[in-house]
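Enquirer: Provided below for reference: sequence and predicted model.
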Amino acid sequence: MFPKQFEEGLLDGDMLAFSSCAALEYGKEPEDVNWNDIMTNMEGRIAYFKRVLGIKKMRIFLSDDRNFRYDINSGYKANRVDVWRPYNLKNAKAYLINMYDAEIVPNLEADDLMSIYQDRENNTTVIITLDKDLKQVPGCHYSWETQHHGEIRQVVTPLGQLEEIVKVSSGGVKKKEYKGNGFLFFMHQCLVGDSTDGVLGCAIKELVQIKSGKRAGEYQEKRKGIGAGESYTTLKDCKTKVEAFQKVAHMYQCIFDNDWKEQLLITARCVHMLEKLPDENGVVTLWHYSKADEEASKFSLKERVFLHG
């Protein structure tokens with residue numbers, strides 16, 4: 001059952017700043033944007049979240065400009081170079097730091113910090129975001145209303161679940177979408193990747209020739225591997241984390257043969273949210289499927305290398 005109040009709200013400052021700026025900037029020239037409106041929008045949302053969720057203390061998190069995932073996967077978020085960004089995004093984040101003491105940890109994303117501080121056992125905290133990636137984290141979650149959906153309140157279990165949603169257009173065309181949470185959603189992401197972050201998943205890129213249209217005869221890169229539907233069918237009935245991982249490992253072996261372990265770890269560490277802060281030496285322990293190999297999973301944020309042993 002979703003609690004009526006929380007000790008702490010863990011708010012995604014990146015998402016708050018972007019969505020507030022975008023709502024008031026998109027389609028406008030910079031000189032037509034009123035900064036006071038953006039401030040008012042953010043302040044109103046923060047106050048609303050505290051009120052409707054019964055939050056005693058709100059903590060806001062922002063991503064550092066640098067992230068350890070860039071060192072693990074050179075293609076991480078490389079596809080965002082030409083993506084539109086609000087003019088006032090930096091100003092909005094600075095405002096959250098100055099007025100709300102928004103928290104930043106070097107080399108970590110806001111997602112990592114919300115995951116680290118989430119109370120996974122007693123549900124005294126709630127993650128507040130629109131980002132699907134956080135759904136892998138057990139505990140309470142809240143997503144505010146958008147043009148695509150209403151408010152969502154959810155308690156995620158450690159194993160979680162996957163869901164297939166069939167939508168029918170006005171023309172009668174059916175389209176399947178896949179959502180999930182918990183460990184099963186994490187495993188699902190390991191298979192399908194995350195196109196918004198440039199993570200390929202259990203797949204390879206191949207050059208294919210375009211057969212028709214203005215670009216006929218040209219070549220383009222195409223993803224070849226496990227799709228969302230196949231991932232859902234593979235994982236939906238898994239009853240344990242071990243069972244789910246074994247099925248994912250088998251898929252990786254089929255695609256990558258002897259390199260499957262390395263490729264799986266690269267993908268998993270890009271999509272997995274950290275569970276502990278870096279130690280006093282700036283070392284984090286990244287995800288590994290084997291507890292016995294935990295030492296080999298220690299990564300120095302200062303040196304940007306793995307510490308093997």
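Expert: That came in fine, so what should we check first?
Enquirer: give me the number of residues near residue 134?
Expert: By the other CB atoms under 10 Å criterion, the neighbourhood of residue 134 contains 24 residues. Where C-beta positions appear, they are placed from N, C-alpha and C, glycine not excepted.
Enquirer: State the distance from it to residue 304.
Expert: Note on residue 134: its distance to residue 304, by CB to CB, to the nearest Å, is 25 Å.
Enquirer: Residue 224 belongs to a strand?
Expert: Yes: counting by DSSP: H, G, I helix; E, B strand; the rest coil, residue 224 is found in a strand.
Enquirer: any idea how far it is from residue 200?
Expert: Using CB to CB, residue 224 is found at 10 Å from residue 200.
Enquirer: So for these two, which residue has more residues nearby?
Expert: Legend: neighbour count by other CB under 10 Å for residue 224 and residue 200, higher for residue 200 (20 against 13).
Enquirer: residues contacting the nearest residue to the more buried one once chain neighbours are set aside?
Expert: In space, and not counting its chain neighbours, residue 200 is closest to residue 193: 4.8 Å by CB to CB, 6 or more residues apart in numbering. Applying CB atoms under 8 Å, 6 or more residues apart in numbering, we find residue 193 in contact with 199-203, 223, 267, 271.
Enquirer: per-residue confidence at residue 193?
Expert: Per-residue pLDDT puts residue 193 at 95.
Enquirer: next one: residue 205
Expert: Residue 205 carries a pLDDT value of 89.
Enquirer: Can you verify my assumption that it contacts residue 220?
Expert: No: with contact defined as CB atoms under 8 Å, residue 205 does not reach residue 220; the gap is 10.0 Å.
Enquirer: Contacts only, for residue 256.
Expert: 202, 262-264.
Enquirer: Drop anything exposed from these.
Expert: Buried by 16 or more other CB atoms under 10 Å: 202, 263-264, out of those.
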